[in-house]
Each structure stands twice: as C-alpha cells, then as structure tokens.
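[1] could you look at this predicted model? Sequence included:
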Amino acid sequence: MSAFKSLISICIAGYWLFKKDTDDIFLRHMDVLGPQSFRLVVHYKEAIHERERMSLFTAYWALEESTRLHALCQFLYRAAEDNFNRAEQEAALMLRALLEKYPLSTGVADDQSLSAVCDHNWKSLRGTNAQLDLLKDHIEQEWMTRLPTQSDLDNQSDAA
C-alpha cells in the first residue's frame, strides 16, 4: 500500500474514532436532559437537517440551472453563427451578381464624380465649422453680458 493510501486510511480511521467520541459525548449530554428539552433538541436538529437538505437541494438546482443556461447559450450562439455565415454567403453572392450586371468602371467620369463629391464634402464641412464658430461667439457674448460686474458684487456685499 502506498504512503498516500496509508495516510488516507489513517485519517479516515481517525475521523471515525473522533466522530464516535463526539457522538458519545453528545449522547451523554442528551441523556441528562428532561423529556421536554430532549424533544426540543430533536426538533431543533430536524430543522437543521431540513435546512441543510434544502441548501444542498438549492445548490444542486443552481448548478443545474447554470448548466442548462450554458447549453441554451451554446445553442443560440451556434444558431447566430449559422445565420451570420448564411447572410455572409448571400451578401457575397448578391455582390457578385451585382458586379456581373453592373461592372465597375474606372474611367475619367468616375474620377470627376469622386472629386465633385469630395469638394462638396469639404464645402459642407467648412460651412458647418463657420456655423459652430458663430454659435460659440454668440454663447460667449451672452455669458459676458450676464456675468456680474465688480460693482454688482460690491453692491451685493454692502446689502448683506
């Protein structure tokens, strides 16, 4: 027998000897109790037993709930992954069909239209920036007119 198995068997034997000693001590104490006290202790121990049984039962179902949730999430993940792969294939197929029907041209007209779009975007950005600057100036002017002057602050301190 290995040293580990020997150690385990000694520990188990020691546990049962210790348990027997503690059981004997517990029973000796129970023997000196009156019938009413003995009955209350038994009811108390039954309540502890039920609570521990329920705790074990609850822990088991919490584990089972987690296991079932994991299985559900795995199923939903696989379904979403399948849907994504199918949508990706459909999009690629549609893009190929679109390119076959309307091939891309790289002519001068495309360069000119891209340049016109770029120019329009720059003009739009400059216009938006100008409007933002106008709003900032307006807000600053409004706040400056609303801020109390030093004489207003002096009058407030005199009134207090």
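    Sure thing, it's come through.
[2] could you pull out the strands for this protein?
    Using DSSP state E, the chain contains no strands.
[3] helices along that one, start to end?
    According to DSSP state H, the chain carries its helices in the segments 3-31, 35-101, 108-146, 150-159.
[4] can you give me the mean pLDDT across the last one?
    Predicted confidence along helix 150-159 averages 65 (mean pLDDT).
[5] what's the answer for the third one, then?
    Taken as a whole, helix 108-146 has an average pLDDT of 82.
[6] ok, now the first one?
    pLDDT averaged over helix 3-31 equals 67, rounded to a whole number.
[7] what about residue 71, how many neighbours?
    10 (other Cβ atoms under 10 Å). C-beta here means a position set from N, CA and C on the backbone, and glycine is covered the same way.
[8] what about residue 81, neighbour count?
    Counted with other Cβ under 10 Å, residue 81 comes out at 10.
[9] and the pLDDT for it?
    Value listed for residue 81 in the pLDDT field: 94.
[10] one more: residue 61?
    94.
[11] for it, what are its contacts?
    The contact partners of residue 61, by Cβ atoms under 8 Å, 6 or more residues apart in numbering, come to none.
[12] list the buried residues of stretch 56-63.
    Judged by neighbour count (16 or more other Cβ atoms under 10 Å), stretch 56-63 contains no buried residues.
[13] how far off centre is that stretch?
    Computed by Cα atoms, centre = their mean, to the nearest Å, the chain-centroid distance of stretch 56-63 equals 23 Å.
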